[in-house]
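Peer 1: everything below, folded, please.
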Amino acid sequence: MFRYFSFAFKNSLRNRRRSVLTISSIAVSLCLLGVLVAMYHALFYAQQTPGQALRLVVRHRVSLAQPIPVAYEAKIRKVPGVREVSVWNWFGGTYKDNRDPKNFFARLGVEPKAFMKIRTQMEMPEDQRRAFIEDRTGCVVSSDLAKKLGFKLGDRITLLGDIYPVNLELKVVGIFDDPDALDTLFFNYDYLRDALPLGRRNFISVVAVLADSPEDVPRIAQNIDNMFKDSSYPTKSESEQQFALSFVSFLGNIKLFLLSICAAVTFTILLVSGNTMAMSVRERIKEVGVLKTLGFNNDTILGIIIGEAVCIALIGGVLGLLLASLLTVGVGKAAEVFMPQLHNLSIEPITALICLGVAVFIGIVSSFIPAWNAARTNILDSLRYAG
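Peer 2: Numbers count the residues shown, from 1 in each chain. Model prediction:
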């Protein structure tokens with residue numbers, strides 16, 4: 001079969017205008033498919049970093065919007081396998097103009113000393129670490145956020161409260177690097193707590209937990225949830241990666257949305273490619289008769305026609321992947337404000353294999369019926385065919 005590959009390849013390009021248009025449509029469609037698959041992989045199947053593998057987050061079972069008692073922190077600390085815990089309180093609020101997406105970033109209240117033990121991959125000068133611990137109004141920002149918004153040491157940042165009825169006046173005392181905390185600002189939780197009304201001081205958003213080893217994480221999560229399952233505030237303990245995805249879920253069922261678009265794109269390519277192959281085969285019925293006269297059997301003719309479609313689909317697939325590799329950079333930058341997991345969005349080898357596999361599948365499926373009908377046509381009918 002492979003000895004006829006060059007013949008199939010030349011035939012696939014015989015009608016250049018139609019071939020170019022078909023390849024272009026497949027390339028654009030597979031470019032979109034590649035970007036969507038890359039997003040799906042980055043959101044739901046990205047490999048955990050060493051730091052993430054050791055951390056889990058404890059929140060209310062119902063929703064992140066439901067608080068849990070601050071007393072849970074001391075109880076969680078006693079669970080076997082827990083090395084360190086810290087309050088991790090989402091503040092929200094408004095920085096300057098909240099209509100500008102650039103001003104949207106994570107703002108979290110933490111307990112500085114315990115927090116910096118939990119963030120095992122955080123890199124920050126020692127004097128800045130001490131300043132964060134000692135300065136009650138101090139805050140630290142990620143280096144990417146500092147670069148984007150021009151923050152420097154000593155700058156004053158005002159956060160206007162919305163979830164909480166207080167405004168925070170913060171001072172930048174540190175700039176850190178952490179692959180697991182992009183576009184993030186951390187401040188001292190005690191500063192927020194003391195500014196709150198007495199009735200709201202006993203509740204927090206989540207508790208961050210550092211385990212002794214990655215193997216301990218599932219057991220710790222189960223023990224914590226069992227501890228509070230019959231309380232008025234049941235918990236859900238999940239990995240830091242899963243917790244980050246809970247923010248994405250606020251936008252809806254992203255997984256279903258991406259899969260639905262991928263299915264629609266694949267179906268559209270099938271229609272385009274199927275129509276092209278049907279037209280191509282109809283134009284060459286007489287040639288099929290000639291090939292049979294020369295001794296080509298049905299299986300060989302079937303393979304040649306399918307090979308033509310696969311060639312066209314693969315050329316379009318390769319071009320689509322090249323376009324997708326360029327497009328993912330821009331998509332990642334645009335989407336990282338709301339989905340930090342897409343910060344380094346790229347076409348992974350598995351994504352490329354999936355897209356090329358889809359291209360081969362489309363080539364085979366779209367051409368099989370026209371090729372089968374052509375291969376079954378007898379010599380006399382083929383030579384008499386008038387289009």
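
Peer 1: quick one: the helices in the stretch 201-350 of the chain?
Peer 2: Assigned by DSSP state H, counting those that start in this stretch, the stretch 201-350 of the chain shows helices spanning 217-228, 240-248, 254-282, 285-293, 298-335, 349-376.

Peer 1: tally of neighbours for residue 294?
Peer 2: A count of nearby residues for residue 294, using other C-beta atoms under 10 Å, gives 7. Placement of C-beta: from N, CA and C, glycine included.

Peer 1: scratch that, residue 90 is what I was asking about
Peer 2: By other C-beta under 10 Å, 18 other residues sit near residue 90.

Peer 1: quick revisit: switch the helices of the stretch 201-350 of the chain over to CSV; also include mean pLDDT.
Peer 2: Compiled in CSV, the helices of the stretch 201-350 of the chain are given as follows (pLDDT from 0 to 100):
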stretch, mean pLDDT
helix 217-228, 94
helix 240-248, 74
helix 254-282, 79
helix 285-293, 74
helix 298-335, 83
helix 349-376, 85
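
Peer 1: ok, which of those comes nearest residue 165?
Peer 2: Proximity to residue 165 (C-beta to C-beta) singles out helix 240-248 among the helices of the stretch 201-350 of the chain, at 23.0 Å.

Peer 1: who is residue 58 paired with across the strands?
Peer 2: Beta-bridge partners recorded for residue 58 (DSSP bridges): residue 207, residue 237.

Peer 1: re earlier: ok, which of the helices of the stretch 201-350 of the chain comes nearest residue 186?
Peer 2: helix 240-248 (14.4 Å).

Peer 1: any buried residues in that closest one, and which?
Peer 2: Neighbour-count burial for helix 240-248, counted by 16 or more other C-beta atoms under 10 Å, picks out 240-241, 243-245, 248.

Peer 1: thinking again about what came up before, can you lay out the helices of the stretch 201-350 of the chain as JSON lines showing distance to residue 169?
Peer 2: Output for these, formatted as JSON lines (distance: least, C-beta to C-beta, whole Å):
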{"stretch": "helix 217-228", "distance to residue 169": "35"}
{"stretch": "helix 240-248", "distance to residue 169": "26"}
{"stretch": "helix 254-282", "distance to residue 169": "36"}
{"stretch": "helix 285-293", "distance to residue 169": "80"}
{"stretch": "helix 298-335", "distance to residue 169": "31"}
{"stretch": "helix 349-376", "distance to residue 169": "45"}
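
Peer 1: to residue 37, which of these lies closest?
Peer 2: Closest approach to residue 37 among the helices of the stretch 201-350 of the chain is made by helix 349-376 (4.9 Å; C-beta to C-beta).

Peer 1: how far away from the center of its chain is the closest one?
Peer 2: Remark: helix 349-376 is offset 27 Å from the chain centroid, using C-alpha atoms, centre = their mean, to the nearest Å.

Peer 1: returning to what we had before: quick one: closest of the helices of the stretch 201-350 of the chain to residue 25.
Peer 2: That would be helix 254-282 among those, by C-beta to C-beta, at 5.0 Å.

Peer 1: by contact count, what packs against the closest one?
Peer 2: helix 16-44, helix 298-335, helix 349-376 (3 or more C-beta pairs under 8 Å, 6 or more residues apart in numbering; DSSP states H and E).

Peer 1: and residue 129, which of these is closest to it?
Peer 2: Nearest of these to residue 129, taken as C-beta to C-beta: helix 298-335 at 30.0 Å.
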